[in-house]
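1. using only what follows, build the 3D model:
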Amino acid sequence: MQLRVFGRTGMQLSVLGFGCGAVGGFMVRGDPADQERTIARAIAAGVNYFDTAVQYGNGESEKNLGRVLQKLKPANVVIGTKVRLPPAEIGRIADTVATSLEGSLARLRLDQVDILHLHNPITGRGGGSALSVRQVLEEVVPAFERLRAQGKIRFLGVTAIGDTAALNQVIDARAFDSAQVVYNMLNPSASEQLPLNYPAQDYERLFDHTRAAGVGVVGIRVLAGGALSGSAERHPIAGPPPEPIGSAMNYDADVDRARRLIPLIEDGFATSLTEAATRFALSHPAMGTILVGMATPQQFEDALAAVQKGPLPQAALDRLSALRQVFSGEPR
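-> Got it, this is the predicted structure:
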């Protein structure tokens, strides 16, 4: 398993991380024995980053990860979890962050997590579930720093969703060590300029900002919530089609566009869309580790096999870029 240096943290993370999210559902609704076997398999294969959140199954993902890790007692794994502030609690950010982390640590059976990511969208002015740049830098960061001083977290993280200008401001402030960034075959704008009128959020080369700030990148939505399988079918334990982030305004439009990338497979660059999507996400050097959600142990094996083939070659990236050009001008 290839390891990459994760920003300025000094950590080396496996390029494939273990996503414990609710969309795939494996760590929320999966069979406990399967969870244990698959995590053991992942660790044996060199995976060392595990990413969860209190929102995944209302704590079930954290509980299940904590149970398995306590049994396996692996050395040198890196654990990330998240805090999302409900709108009603935005007036008391420090207390809410501290309380949320205490619950996460109890469920994970840990005294410390390596990365705590803020899970709220970030916008210029905030409102609703979103936080403003000022709230993030003047309230969330000091609350996280206190927890770091107490030895409860090692690094500060942010989920880079919200308004692009606000996200760039927060990254440029160099207060955070980690950023979870949307990056996939339908929306590569974190690394490159999008064509005119392209139907996706433009992240305006966010990777330029993370690299300049020494911020490690966790790739999220690399399969666009499952749409980049090219199939609208959901596994019985998977969550419902997720609200798209950064791409089309509805999941079916993402699935339709994913199917229009099938010539990449027909040209022999990959054996499936999910393989191509996984390898695409690794293809940019700014990427530290990618998260691939799963519903079954086999889906982990598929992700592992894809990663072991390495990043897509330049010819595949060029073909992909040409295929995407026709999306310009379509409604998002």
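2. the helices in the stretch 201-332 of the chain, which residues?
-> Using DSSP state H, counting those that start in this stretch, the helices found in the stretch 201-332 of the chain span residues 206-213, 251-259, 263-266, 273-282, 297-308, 314-324.
3. could you dump the ones you listed to CSV with mean neighbour count, distance to residue 146 and mean pLDDT?
-> C-beta: built from backbone N, CA, C; applies to glycine. CSV is the format used below for the helices of the stretch 201-332 of the chain (neighbours: other CB atoms under 10 Å; distance: least, CB to CB, whole Å; pLDDT from 0 to 100):
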stretch, mean neighbour count, distance to residue 146, mean pLDDT
helix 206-213, 19, 22, 98
helix 251-259, 20, 39, 94
helix 263-266, 14, 47, 96
helix 273-282, 25, 34, 97
helix 297-308, 19, 36, 95
helix 314-324, 15, 43, 96
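4. what would those helices look like in JSON lines with distance to residue 162?
-> Below are the helices of the stretch 201-332 of the chain laid out as JSON lines (distance: least, CB to CB, whole Å):
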{"stretch": "helix 206-213", "distance to residue 162": "12"}
{"stretch": "helix 251-259", "distance to residue 162": "19"}
{"stretch": "helix 263-266", "distance to residue 162": "30"}
{"stretch": "helix 273-282", "distance to residue 162": "21"}
{"stretch": "helix 297-308", "distance to residue 162": "27"}
{"stretch": "helix 314-324", "distance to residue 162": "24"}
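5. among these, which is nearest residue 72?
-> Minimum separation from residue 72 across the helices of the stretch 201-332 of the chain (CB to CB) falls at helix 297-308, 15.3 Å.
6. starting at the chain centroid, how far to the closest one?
-> Relative to the centre of its chain, helix 297-308 is centred 17 Å away, using CA atoms, centre = their mean, to the nearest Å.
7. then stretch 93-103?
-> 22 Å.
8. ok, now stretch 55-73?
-> That offset, for stretch 55-73, works out to 18 Å (CA atoms, centre = their mean).
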